[in-house]
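Asker: Give me the fold of what follows.
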Amino acid sequence: MHPETRARLAGVSTATLCTALFKRGLRNQFIQDVRPLNASLPNMVGPAFTLRYIPAREDLNTIKVFEDRSHPQRVAVETCPEGAVLVMDSRKDARAASAGSILVTRLMKRGVAGVVTDGGLRDSPEIAELGFAAYHQRPSAPTNLTLHQALDINAPIGCGDVAVFPGDIVVGDREGVVVIPAHLADEIAAEAVEMTAFEDFVAAQVRQGASILGLYPPTDPGTKDKFAAWRKEQGR
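Answerer: Take a look at the predicted model:
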């Protein structure tokens, strides 16, 4: 991902990105039922690095499996690239955790951009205090082995009903997480910056009492000229 694209995506909302994707016929890119543990953090941006869980089978998921250094969950945590987002497919099942504070702290220390699961995270109060972007469905104290068996690393997955391919660009904000196909990231980022500037202009006009009719979308004569003047005044 180009540094300029990353910077642009860090300054726009998932709502704006969803609209830009909608214009291209992509209507299912917002991960469902996933929210930030700490909504005060800046946007999370990074390419997807994935981990897939399947339902656990009791004879294969005893506590002893964590002694195996090749355990896929441990390998994923230790190999997720710097600047990437670890995205976990937990089948939308939050009855057992996808990970806990120790593994999430390790991701943070390794320079990973964030973590997303459509299941739950344990030690969620501690994770919320890390200052690290983490998104989940809800808190879940039971260890992942209770219900989940880690299997595939960096393969296509489903997370919150969204198809996530390795390298897709993942953006999270206070509202949730959106997945941008990698080949569209540059153009989506550029368009989203323009959309954000215009929407900020519209919001300012509405706060001053303007009607949205003819303003949003800008069908009235002169609206685009007013936007250009406002943008110049704002230095944007």
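
Asker: Would you agree Met88 falls within a strand?
Answerer: Yes: applying DSSP: H, G, I helix; E, B strand; the rest coil, one finds Met88 inside a strand.

Asker: List the contacts of the closest residue to Ile31 other than its chain neighbours.
Answerer: Nearest non-adjacent residue to Ile31, counting by C-beta to C-beta, 6 or more residues apart in numbering: Gly160, 3.6 Å away. Every residue, glycine included, has its C-beta placed from N, CA and C. Applying C-beta atoms under 8 Å, 6 or more residues apart in numbering to Gly160 gives the contacts 31-34, 92, 118, 137, 177.

Asker: pLDDT at Gly160, what is it?
Answerer: The per-residue pLDDT reported for Gly160 equals 98.

Asker: For it, give me phi and psi.
Answerer: Per-residue torsions, Gly160: phi 60, psi 40 (degrees, to the nearest 10).

Asker: Moving C-terminal from the longest strand along the chain, which element do we reach first?
Answerer: Using DSSP state E, we find that the single longest strand of the chain is strand 44-55. Where DSSP states H and E defines the elements, the next helix or strand beyond strand 44-55 is helix 72-79.

Asker: Which strands or helices does that following helix pack on?
Answerer: Contacts defined by 3 or more C-beta pairs under 8 Å, 6 or more residues apart in numbering; DSSP states H and E place helix 72-79 against strand 44-55, helix 101-109, strand 148-153.

Asker: Please identify the deepest-packed of the ones you listed.
Answerer: With neighbours taken as mean count of other C-beta atoms under 10 Å, these reach their highest mean count in strand 44-55, at a mean of 22.
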